[in-house]
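S.K.: okay, predicted coordinates and the sequence, questions at the end:
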Amino acid sequence: MTAQNNPVDKEEDPPTYILFLLDASQSMNESWDGAPMFDVARRLINKTVKDLKDKPNMHLALRVYGSEYHYSVNNCKDSRLEVGFGPYSHILIPSRLNDIRPKGITPLSYALQQSASDFPTRKGVRNIIIVMTDGRESCEGDPCAVSNLLQKKGIILKPFVIGLGPGSESFTNLDCVGIYYEAKTPDEAKNAMGDIVKKVSDKTTVQINLLDEKGLPRETDVNISFITGNRIEANYYHTLNERGLPDTIEIDPINTYTIKVHTLPPVVRENVSFESGKHNEVDISVPQGFLKVSMPQSNTLYNDKIDVLVSKRGQPYALNEQSINSRGKYLTGKYRVSILTLPPIIVDTVNIRQNSTTEIRIPEPGLVSVENKLELVGGIFQMKENHLRKVVDLNNRLLKQTLLLQPGRYQLIYRKKIALRSEETRIKNFAVTMGQSIRIKLD
């Protein structure tokens, strides 16, 4: 699965490009259960190539490092693409491996870096590296940093690394390069390669169970993102199938994912891995209910002019903006609702319950037109229990302005902009009733 690519949109599996990155440093000549370690690795690659040759979506290539220069030269750029991706690579790889003799050092970082250009520049493919090595980096490079950079750029998926030989446990720090296998014996190396092929080849499925408050997978109709690092690998809009069960999707088991369920607020599950070749289930609790802000005598004229901001109680930012007379879906819990009428209506504790609609009813506003002959400086204030609450400043550049105000008693306090004395301030009292229009003319 590659960035922004959904397997469900394809009729067949995405092409997979596998690059064998083989250590040919001089230490690979050492005997390992009666045979040179390089010969054991060569036979294992040959068998894997043979097993994959009849899979049309599997494309193979071979890069080697440490085979061109004697180790005494200490060449940190000793790496070469021996067989590129092509229709005959399953024939060319075994043939080329027969001619290679280990003799150099281990410039793993450089080899990884060079491998970026070995893959075709295509979208919608899986680029995989399988590293086989018996030792650490010989040069000053950082193979972990190189691998992470290639993954972040979306050039490769997380590599596989097979550490060969009885001393393989001593360089398990290579697990930061990719998925690490410690192979102290040839049989363990064979098992590691078999597990890798299984991860790469077998169908792996996942069922995301979005649970309600009773722990039942009844929630649905929400987007779910599968994220690796800083890349979105796929998006699926969750659904229930014809049997009322969460639908099954295919997933790439090579990656470890962050799963983000785009509820309001979102729910995130980190470090999720899947067992290859099997059906996996992930339970995520997302019980949800609805919120509706309505006016008893709704006038659609106002729907788009009054915004409703919903925030999680105690949080300073808004989760969502919805309109009057629409329903928003939220996780169960307590919320703060700000209804941007004039003046605003704040409901500090709104309880959203499972599968029910919490409704807030507000009165229909009145329409107030303010007309004046000259530019003014002033504002509208709400009168409540002999206290004034500022509602809005007048736009002093407009000679006519229209406002939607909640029912109540108000004062319009103003003076002409050209007036130079404060005592020329004027006060206009008026009342707003639900759904009515009034016209105010100012001298």
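M.R.: Received it, and whenever you're ready, just let me know what you need. Just so it is clear, the model here is predicted, and its values are computed rather than measured.
S.K.: show me where the chain dips below the pLDDT cut-off.
M.R.: Scanning the chain for pLDDT under 70 picks out 1-12, 168-172, 297-304.
S.K.: could you pull out the helices in it for me?
M.R.: For the chain, helices defined by DSSP state H occupy the ranges 37-52, 89-99, 108-115, 143-152, 186-201, 300-303.
S.K.: most neighbours per residue, which of those helices?
M.R.: Stretch with highest mean neighbour count among the helices of the chain: helix 108-115 (a mean of 24; mean count of other C-beta atoms under 10 Å). For glycine as for every other residue, the C-beta is placed from the backbone atoms N, C-alpha and C.
S.K.: tell me the contacts of the nearest residue to P36 once chain neighbours are set aside?
M.R.: Leaving aside its sequence neighbours, P36 sits nearest to N29 (C-beta to C-beta, 6 or more residues apart in numbering; 5.3 Å). For N29, the contact set (C-beta atoms under 8 Å, 6 or more residues apart in numbering) comprises 36-38, 102.
S.K.: report how many residues lie close to I427.
M.R.: For I427, the neighbour count with other C-beta atoms under 10 Å is 10.
S.K.: Q411 is in contact with that one, correct?
M.R.: Yes - here I427 reaches Q411: they are 5.6 Å apart, a contact under C-beta atoms under 8 Å.
S.K.: need the overlap of contacts for those two.
M.R.: With C-beta under 8 Å, 6+ apart, I427 and Q411 have no common neighbours.
S.K.: return the distance of Y410 relative to P343.
M.R.: 10 Å (C-beta to C-beta, to the nearest Å).
S.K.: got TSV for the contacts of N29, with distance to H238 too?
M.R.: Listed next are the contacts of N29 as TSV, based on distance: C-beta to C-beta, whole Å:
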residue	distance to H238
P36	53
M37	49
F38	49
P102	51
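S.K.: out of those residues, flag the one nearest to D187.
M.R.: Nearest to D187, judged by C-beta to C-beta, of those is M37 at 13.9 Å.
S.K.: tell me who's in contact with that closest one.
M.R.: Contacts of M37 by C-beta under 8 Å, 6+ apart are 27-31, 134, 164-165.
S.K.: just the ones of those residues in strands?
M.R.: Residues of the contacts of M37 located in strands (DSSP state E): 31, 164.
S.K.: of the contacts of M37, just the buried ones, ChimeraX syntax please.
M.R.: A single ChimeraX command is used to select the members of those judged buried by 16 or more other C-beta atoms under 10 Å:
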select :27,28,134,164,165
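S.K.: out of the contacts of M37, which comes closest to I254?
M.R.: Of these, the one sitting nearest to I254 (C-beta to C-beta) turns out to be L164, at 21.0 Å.
S.K.: centre of the chain to stretch 115-126, how far?
M.R.: Computed by C-alpha atoms, centre = their mean, to the nearest Å, the chain-centroid distance of stretch 115-126 equals 22 Å.
S.K.: the chain should start at 3 in everything you say after this.
M.R.: Happy to do that; since the first residue is 3 now, the last one works out to stretch 117-128.
S.K.: give me the neighbour count for the residue nearest to L376 when sequence neighbours are not counted.
M.R.: Nearest non-adjacent residue to L376, counting by C-beta to C-beta, 6+ apart: K418, 5.3 Å away. Applying other C-beta under 10 Å, we find 19 residues neighbouring K418.
S.K.: got a list of what K418 touches?
M.R.: 376-379, 426.
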